[in-house]
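Chemist: Sharing a model prediction with you, sequence too.
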Amino acid sequence: MLIIKDLHAEIDGKEILKGINLELNAGEVHAIMGPNGSGKSTLAAVLSGRELVKVTKGKVLYKGNNLLEMSPEKRAHAGIFLGFQYPIEIPGVSMINFMKTAINEQRKAKGLEPINPSDFLKLMREKKALVDMDSSLTSRSVNEGFSGGEKKRNEIFQMAMLEPDLAILDETDSGLDIDALRTVANGVNKLKTSENASIVITHYQRLLDYIIPDRVHVLYKGKIVKSSGKELALELEEKGYDWIKKENDK
Amino acid sequence: MNEVETYRNQKFDFQNLFNQSEKTNGHVVPFLKTVRENAAKTFMEKGLPGKADENYKYLSLDSLFSQEYSYRFLQEIVHFDINHVFRCDIPNLNTHLVILLNGFYYGGKDRLIELPEGVKYGSMMQAAVEMPDVFQKYYSKIPAIKTDGLVDMNTALSRDGFFIYVPKNTVAGKPIQVVNLILSAKDLFLQPRNMVVLEEGAGLELVVCDHALSKKRSLSNSVTETVVGENAKLDFTVLQNDHNFASQINYHFIEQEKDSRVDTNTISLHGGLIRNNHFVRLNGTGAQNYLGGLYLTDKDQYLDNYVFVDHAVPQCYSEQFFKGVLDDRAKGVFNGKILVRQDAQKTQAYQKNNSILLTEDAKMHTQPQLEIYADDVKCSHGATVGQINEEAMFYLRSRGIPEKEARLMMMYGFTHEVISKIRIDSLRERIEDFVQRRLRGELAKCENCSRLCT
């Protein structure tokens, strides 16, 4: 589904990613871990099409297409979803209008008619229940006045609404208490099928207690320095990132 | 009587204009003769506000007034089917309709209509004749009208406008809608003078729509005096939808007594040059005033909102909330002044102005000012001028919403906060629609007035 080859990227002239290689297949969940400043969020930014990150070398193939040439909206139409580390508040834009527009634009890209209003409302109800989201939140402006936990829940709610093929969850666990974490992880697990895939970016191991990854990659100084099965996450939890740093700073 | 005087002069010659106006009209109401002569004298002393005048720093009146216009001292008899020319298409907004054509009341013989509940509305000059007590009690009495020469010019030259009177403890059954039409074969200079009086405990919803229909240049210098008695409530929405050749300077003076409430929403959708002057005096404890404004400008349009709120007595509340989007080379000004006098303790006054510039050539000057002489008050003001939040744009796009649509959503979201304050549901929905279409680059106009508006 996703092939990343020797990806180099910079922000404001500073190289952050220094040759990333990664392959992700349908049905898989990969975790990307690493200390702060290792380039995790930059990788998410490249995959979702943020303009402030400049790719200087390498390529990214998504379903066989050159992902880097696609606009953020085209990526969404092709089934990519980014769960934001810091979801944006947009006063005056209602959640309902936002979701309806997003769904209809994605349907339009697939040549489908706009969703009918009663199906839309039914879908909203269903997906809100899935992530245990307070019903009143969807009648408000996008993320406006939402608590940290509500914002993250809202990300998973949007993911549930849009049913992406590839979800990239950027530090979805940060700022969540244990109950919220469980609900969010539960939502992600319920959405998992053999057809879709996820990249879970996290600093801590605790999210991976609930979302079981097929592969764990450790990112350090812009490179993947270690890849292994889910046991790697536990090892990191136990030893911290220092041993990785020591090994690589030698 | 169907006399149309044409006034042409490269330089603005007020004295000549005034003499012609007096000669043509004479004086049906002696009271007005004195008022007009005094105003003419005052104008000759003051002249037009110049660049040195802090309130007119960004607007060159001299160049506006040096252009040629024709001037009508009397109502021109124009026969037209209002349904063919104009019908403001606001579904479910059932209103009493008042038409002003080129600044004069347009209607049949009945120039002052009385509703069953006692509300009277119609021609300003008719009210001067039929209701001299009310007229003379309030006409030209609000102190703030001394602000500058343009108001004196209007007082000296104006010959009509709309008049609305709501008696004590009476609530108008349905909204009154005033439509200001400009329809002229020549470039036109007009000076409507309007008055709205709400006696103690009265209630009124008022909608004013400005539409310049003919594609001629026009300059309107209008004055509205609004007096709101104790415990009375006024809801006032102004929809400005003119074309790029239309210029208007308008003054709205609001005088409020104890426990009264006035909500004003001025929606400037379109117009070559618009200068709105909002003067509010809170003159009785517990009075509340909300002034809202939205401006959407592009091309070389100029939009200028001046606000002066005078907290003259304690325990009053005022809020000003102006927002706008400026595109192309449009220029905007917001100048908001709140004065809290020494006795006006426990005042609450809040002011906000936020603008978005879509291009590097668009400009916005914003100047909120607080002048506070009381020590126990809650006041705040703030202004921002910025661009569309690119982070939010990315958020929308990452969900599959194309850039153009995302930008529209952002602009619309930005304006929504102001529109949401309009209390008449059907009007608010209609204005929402107007604004969306305006932001999409379609000229927002009423469906049924497509012929002359384009």
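Modeler: Structure's in. What do you need? Residues are numbered from 1 along each chain as shown, chains lettered A, B, ... in the order given.

Chemist: Which residue is the nearest non-sequential neighbour of residue 51?
Modeler: I went with chain A, as the question did not name one. residue B:394 (7.9 Å; Cβ to Cβ, 6 or more residues apart in numbering or on different chains). (Glycine included, C-beta is placed from N, CA and C.)

Chemist: was after chain B, sorry
Modeler: residue B:57 is the one closest to residue B:51 (Cβ to Cβ, 6+ apart), at 6.6 Å.

Chemist: quick one: the one you found and chain A, what's the gap?
Modeler: 31 Å (Cβ to the nearest Cβ, to the nearest Å).

Chemist: May I have the phi/psi pair for that residue?
Modeler: Residue B:57 has phi and psi values of phi -60, psi -40 when expressed as degrees, to the nearest 10.

Chemist: Number of residues surrounding it?
Modeler: 15 (other Cβ atoms under 10 Å in any protein chain shown).

Chemist: ok, it touching residue B:49?
Modeler: No - here residue B:57 lies out of contact with residue B:49, judged by Cβ atoms under 8 Å, at a distance of 9.7 Å.

Chemist: Alongside chain B, which residues does chain A contribute?
Modeler: When proximity is defined as Cβ under 8 Å from any Cβ of the partner chain, chain A approaches chain B at A:48-51, A:71-73, A:75-77, A:81-82, A:84, A:87-93, A:97-98, A:101-102, A:105-106, A:109, A:141-142, A:158, A:162.

Chemist: For the closest residue to chain B within chain A, list the residues it contacts.
Modeler: Taking Cβ to the nearest Cβ, chain B has its nearest neighbour within chain A at residue A:92, 3.0 Å off. When contacts are counted by Cβ atoms under 8 Å, 6 or more residues apart in numbering or on different chains, residue A:92 touches A:141, B:412-417.

Chemist: Does it belong to a helix, a strand or coil?
Modeler: strand (DSSP: H, G, I helix; E, B strand; the rest coil).

Chemist: thinking again about what came up before, now the contacts of residue A:92 as CSV including secondary structure and neighbour count?
Modeler: What follows is the contacts of residue A:92, written out as CSV (DSSP: H, G, I helix; E, B strand; the rest coil; neighbours: other Cβ atoms under 10 Å in any protein chain shown):
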residue, secondary structure, neighbour count
A:141, strand, 19
B:412, helix, 20
B:413, helix, 23
B:414, helix, 24
B:415, helix, 24
B:416, helix, 19
B:417, helix, 17
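
Chemist: now the residues you listed in TSV, with distance to residue B:353 and pLDDT?
Modeler: Supplementary listing: these in TSV, determined by distance: Cβ to Cβ, whole Å; pLDDT from 0 to 100:
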residue	distance to residue B:353	pLDDT
A:141	20	94
B:412	19	93
B:413	17	93
B:414	13	94
B:415	14	94
B:416	16	92
B:417	12	90
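
Chemist: looking at this, residue B:438 is in a strand?
Modeler: No - assessed with three-state DSSP, residue B:438 is helix; it does not lie in a strand.

Chemist: wait, doesn't it sit right on residue B:295?
Modeler: No - taking contacts as Cβ under 8 Å, residue B:438 lies outside contact range of residue B:295: 10.6 Å.

Chemist: Pick out whichever of the two has more residues nearby.
Modeler: Set side by side, residue B:438 and residue B:295 show more neighbours around residue B:295, with 30 against 24, by other Cβ under 10 Å.

Chemist: buried set for the helix or strand residue A:179 falls within?
Modeler: Element membership of residue A:179 [criterion: DSSP states H and E] is helix A:178-191. Under the neighbour-count criterion of 16 or more other Cβ atoms under 10 Å in any protein chain shown, helix A:178-191 has A:180-181, A:183-188, A:191 buried.

Chemist: Nearest residue to residue 40 in space, please, no chain neighbours.
Modeler: In the absence of a named chain, chain A is used. Excluding the flanking residues, the one nearest residue A:40 by Cβ to Cβ, 6+ apart is residue A:201, at 4.8 Å.

Chemist: that's the wrong chain, I meant chain B
Modeler: Closest to residue B:40 by Cβ to Cβ, 6+ apart is residue B:156, at 4.1 Å.

Chemist: Please name the nearest non-neighbouring residue to the residue of chain B found nearest chain A.
Modeler: Closest approach between chain B and chain A, counting by Cβ to the nearest Cβ: residue B:413, at 3.0 Å. Once flanking residues are discounted, residue B:413 sits nearest to residue A:92: 3.0 Å by Cβ to Cβ, 6+ apart.

Chemist: So for that neighbour, what's the pLDDT?
Modeler: Looking at residue A:92, its pLDDT stands at 91.

Chemist: do the same with residue B:99
Modeler: pLDDT, read off for residue B:99, is 89.

Chemist: can you check residue B:426 too?
Modeler: pLDDT at residue B:426 comes out at 84.

Chemist: buried set for the helix or strand harbouring it?
Modeler: For residue B:426, the element it lies in under DSSP H and E is helix B:425-439. For helix B:425-439, a neighbour-count test (16+ other Cβ under 10 Å) marks B:427-432, B:434-436, B:438-439 as buried.

Chemist: mind giving me a markdown table with these and columns for distance to chain A?
Modeler: As requested, these are exported to a markdown table (distance: Cβ to the nearest Cβ, whole Å):
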| residue | distance to chain A |
| --- | --- |
| B:427 | 19 |
| B:428 | 14 |
| B:429 | 14 |
| B:430 | 18 |
| B:431 | 14 |
| B:432 | 11 |
| B:434 | 16 |
| B:435 | 11 |
| B:436 | 11 |
| B:438 | 16 |
| B:439 | 12 |
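
Chemist: element containing residue B:168, please.
Modeler: Applying DSSP H and E, one finds residue B:168 in no helix or strand.

Chemist: which residues in chain B form helices?
Modeler: Taking DSSP state H as the test, the helices found in chain B are B:14-25, B:30-46, B:61-65, B:82-85, B:124-130, B:132-138, B:149-157, B:390-397, B:403-419, B:425-439, B:450-453.

Chemist: in chain A, which spans are helices?
Modeler: Per DSSP H, chain A carries helices over the ranges A:40-48, A:72-77, A:95-109, A:117-130, A:148-162, A:178-191, A:231-239, A:242-249.

Chemist: For residue B:242, list the residues it contacts.
Modeler: Residues near residue B:242 by Cβ under 8 Å, 6+ apart: B:182, B:210-212, B:248, B:270-272, B:274.
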